[in-house]
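Chemist: let's see this in three dimensions:
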Amino acid sequence: QVQLVESGGGLVQAGGSLKLSCAASGGTFSTYAMGWFRQAPGKERELVAAINRSGGTIRYADSAKGRFTISRDNRKSTMYLQMNSLTPEDTAVYYCAGARAIIIPTSQGEYGYWGQGTQVTVSS
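Modeler: Prediction:
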């Protein structure tokens, strides 16, 4: 089964950018649909963006549209989340998740594999 490790989180000022990475190992990365979730303090975990196995189909939460870009490189077994125009409301722990699915899952219960999370803090 696949193991997932996020990196790239940190502290950034409002209006800034960060690029998160999710490195996969122990499985065939290209057989997993992937997603980025986030959980802010006191809030439920929510889907930010998801991508199918080939990278040809992508979905974004409304809060991410126009600012975030999800991508994947199956040769490198890595998924990315480019985040631009960050606001304090984007502050959260960001998780990558994988699902053995052809169609992109949109609920966290459909993802069976999770990373440990990376903290993103946006200061005003």
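Chemist: ok, the residue nearest the centre of the chain - contacts?
Modeler: The structure's the chain has its C-alpha centroid closest to residue 36; by Cα atoms, centre = their mean the separation is 2.1 Å. Residue 36 makes contact with 20, 22, 47-50, 70, 79, 81, 94-97 under the criterion Cβ atoms under 8 Å, 6 or more residues apart in numbering. (C-beta placed from N, C-alpha, C; glycine too.)
Chemist: kindly recompute the last result at 7 Å.
Modeler: 48-49, 70, 81, 94, 96 (Cβ atoms under 7 Å, 6 or more residues apart in numbering).
Chemist: need the residues you listed in JSON lines with secondary structure, pLDDT and distance to residue 15, can you?
Modeler: As requested, the contacts of residue 36 are exported to JSON lines (DSSP: H, G, I helix; E, B strand; the rest coil; pLDDT from 0 to 100; distance: Cβ to Cβ, whole Å):
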{"residue": "48", "secondary structure": "strand", "pLDDT": "98", "distance to residue 15": "19"}
{"residue": "49", "secondary structure": "strand", "pLDDT": "98", "distance to residue 15": "20"}
{"residue": "70", "secondary structure": "strand", "pLDDT": "98", "distance to residue 15": "21"}
{"residue": "81", "secondary structure": "strand", "pLDDT": "98", "distance to residue 15": "17"}
{"residue": "94", "secondary structure": "strand", "pLDDT": "98", "distance to residue 15": "18"}
{"residue": "96", "secondary structure": "strand", "pLDDT": "98", "distance to residue 15": "24"}
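Chemist: for those residues, which one is nearest residue 1?
Modeler: For residue 1, the closest of those turns out to be residue 96, at 14.6 Å, with distances computed as Cβ to Cβ.
Chemist: beta-bridge partners for that closest one, please?
Modeler: Residues in a beta bridge with residue 96, per DSSP bridges, are residue 36.
Chemist: that one: neighbour count?
Modeler: Other residues within reach of residue 96 by the criterion other Cβ atoms under 10 Å amount to 30.
Chemist: sec struct for residue 44, please.
Modeler: coil (DSSP: H, G, I helix; E, B strand; the rest coil).
Chemist: and for it, the neighbour number?
Modeler: Residue 44 is surrounded by 8 other residues when neighbours are defined as other Cβ under 10 Å.
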